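Visitor: Structure for the following, please:
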Amino acid sequence: MKVIFSHNLPFFLAHGGMQTLSESLMREIAGLGVEVETERWWDEKQKGDILHYIMRPPYAVNVSLAHEKGFKVIMTENLDQTASRTRLQLFLQRNITRAARRLMPGLVNRMAWDVYQLLDAMVYVVPIELKVAQYLFDAPKDRGYVISQGLEASAIEQLGAAEGMGEGDYLISVAVISERKNSLLLAQAAQLAGVPIVFTGKPLIEDDYFRRFLKVADRKLVRYAGFVSVEEKYRLLRRARGFALLSHFESGCIALYEAAAAGLPLLLPDLPWASKVYGHLEHVSLTRLAKAENLAPVLKKFYEGARRYPEQTFPIPSWKQVAEQYVQIYKKLLEK
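Guide: Prediction:
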């Protein structure tokens, strides 16, 4: 069995969770004895059995041509921003999508909205995104799967170590410093609340938003550690009292998994990506996004009650376990 991976967005343009997912899957699937290659768009002689798209293929014709060449086609899609829309917004989007299928087939082709009926399998990290794909795009229910992201086994072990437990007196936020992550809002709320917090991560670009964030990071209450080594990040997580992330939308989120593996209580926004996936958990607190002065008392209350727990906040699989689930889907597709 040979699996060819394809991704439309070069990682040098945008680093993040999908890069981690792609690299981890390819490594662990290969470790399970499956031959893995990346797509060589210039090589007309490249062959394989499974074509695995990370994110939606650019055109439905790509899937049709792959089928003609004997490939089974699977997609792992991230619908984080779409899945965080309101019910009304999703209802309107569904009606627009269905009208476009009838009246504007060219637009549908450019958006690849018709690809869902052609794919042999679709994988989503969280259940809410699979449901949205089925609601908006009529994705076939018998071809949809939910497989979470994971962490390396060594990372799970290191993050779960008792070393540092209770030593720190700060919250931590691990994320790209960006408006999507609401880094500046969280920093401002921490300043107003008098809550010590450590930020790690780098910006996609050093823009005005990042410079405004740096002005709030005074190295006293709000500390910006920058893009730290993996070892330092794990040390900071183990010593933290809790984890805070106020993103507008996420899909899985590796940093969230790391915080959960360390046993940290989580403060997340009361948005679908968080409330419908993690909101039922005992050590998860939700807050509505608001101005910094309104968030400050919420953050202070969370900080005062936050303590690292000896067990994981929610179960975190290893990347090997994740890869095993993908390999089972590959085998199932090839048996048809």
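Visitor: show me where pLDDT drops low in the chain?
Guide: Residues of the chain meeting the criterion pLDDT under 70: 14-16, 106-111, 164-166.
Visitor: can you pull the buried residues of stretch 73-88?
Guide: 73-80, 82-85 (16 or more other CB atoms under 10 Å). Every residue, glycine included, has its C-beta placed from N, CA and C.
Visitor: show me where the stretch 1-150 of the chain has strands.
Guide: All strands of the stretch 1-150 of the chain, identified by DSSP state E, counting those that start in this stretch, fall at 2-7, 35-38, 50-54, 72-76, 121-124, 144-146.
Visitor: Just the CA atoms of the first one, as CSV, please.
Guide: This points to strand 2-7. Presented in CSV, the C-alpha positions along strand 2-7 are these (Å, rounded to 0.1, in the frame of the first residue of the first chain):
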residue,chain,number,x,y,z
LYS,A,2,1.3,3.4,-1.0
VAL,A,3,-0.3,6.7,0.3
ILE,A,4,0.4,10.0,-1.5
PHE,A,5,-0.2,13.1,0.6
SER,A,6,-1.2,16.4,-1.0
HIS,A,7,-1.6,19.9,0.6
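Visitor: Run through the neighbouring helices and strands of that strand.
Guide: If you count contacts as 3 or more CB pairs under 8 Å, 6 or more residues apart in numbering; DSSP states H and E, strand 2-7 packs onto helix 17-31, strand 35-38, strand 50-54.
Visitor: Just give me how far it sits from the chain centre.
Guide: 20 Å (CA atoms, centre = their mean, to the nearest Å).
Visitor: Parallel or antiparallel, list what pairs with it.
Guide: According to DSSP bridges, strand 2-7 forms sheet pairs with strand 35-38 (parallel), strand 50-54 (parallel).
Visitor: in the first one, what's buried?
Guide: Going by neighbour count (16+ other CB under 10 Å), the buried part of strand 35-38 is residue 36.
Visitor: Dump the strands of the stretch 1-150 of the chain to TSV, plus distance to residue 232.
Guide: Below are the strands of the stretch 1-150 of the chain laid out as TSV (distance: least, CB to CB, whole Å):
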stretch	distance to residue 232
strand 2-7	29
strand 35-38	30
strand 50-54	29
strand 72-76	30
strand 121-124	32
strand 144-146	33
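Visitor: Same list (the strands paired with strand 2-7) but as a markdown table, adding distance to residue 335.
Guide: Output for the strands paired with strand 2-7, formatted as a markdown table (distance: least, CB to CB, whole Å):
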| stretch | distance to residue 335 |
| --- | --- |
| strand 35-38 | 18 |
| strand 50-54 | 12 |
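Visitor: Select, out of these, the one closest to residue 318.
Guide: strand 35-38 (17.8 Å; CB to CB).
Visitor: Helices along the protein, start to end?
Guide: For the chain, the helices defined by DSSP state H cover 17-31, 60-68, 80-83, 87-103, 105-111, 127-137, 153-159, 183-193, 208-216, 230-239, 254-261, 272-275, 292-305, 319-335.
Visitor: could those go into CSV alongside distance to residue 39?
Guide: As requested, the helices of the chain are arranged in CSV below (distance: least, CB to CB, whole Å):
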stretch, distance to residue 39
helix 17-31, 11
helix 60-68, 10
helix 80-83, 24
helix 87-103, 28
helix 105-111, 21
helix 127-137, 23
helix 153-159, 28
helix 183-193, 34
helix 208-216, 33
helix 230-239, 28
helix 254-261, 23
helix 272-275, 29
helix 292-305, 44
helix 319-335, 16
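Visitor: Quick one: closest of the ones you listed to residue 172.
Guide: Between the helices of the chain, helix 230-239 lies closest to residue 172; by CB to CB that is 5.7 Å.
Visitor: mind listing what's buried in that closest one?
Guide: Buried positions in helix 230-239, judged by neighbour count with 16+ other CB under 10 Å: 233-239.
Visitor: From those residues, pick the one nearest residue 112.
Guide: residue 233 (35.9 Å).
Visitor: so who does the nearest residue to that closest one once chain neighbours are set aside touch?
Guide: Excluding the flanking residues, the one nearest residue 233 by CB to CB, 6 or more residues apart in numbering is residue 200, at 5.8 Å. Neighbour list for residue 200: 172-174, 225-228, 233, 236 [criterion: CB atoms under 8 Å, 6 or more residues apart in numbering].
Visitor: of the buried residues of stretch 73-88, closest to residue 19?
Guide: Nearest to residue 19 among the buried residues of stretch 73-88, with distances taken as CB to CB, is residue 78, at 11.7 Å.
Visitor: next one: phi and psi at the nearest residue to that closest one once chain neighbours are set aside?
Guide: Leaving aside its chain neighbours, residue 78 sits nearest to residue 251 (4.4 Å; criterion: CB to CB, 6+ apart). As for residue 251, its main-chain torsions (degrees, to the nearest 10) stand at phi -130, psi 100.
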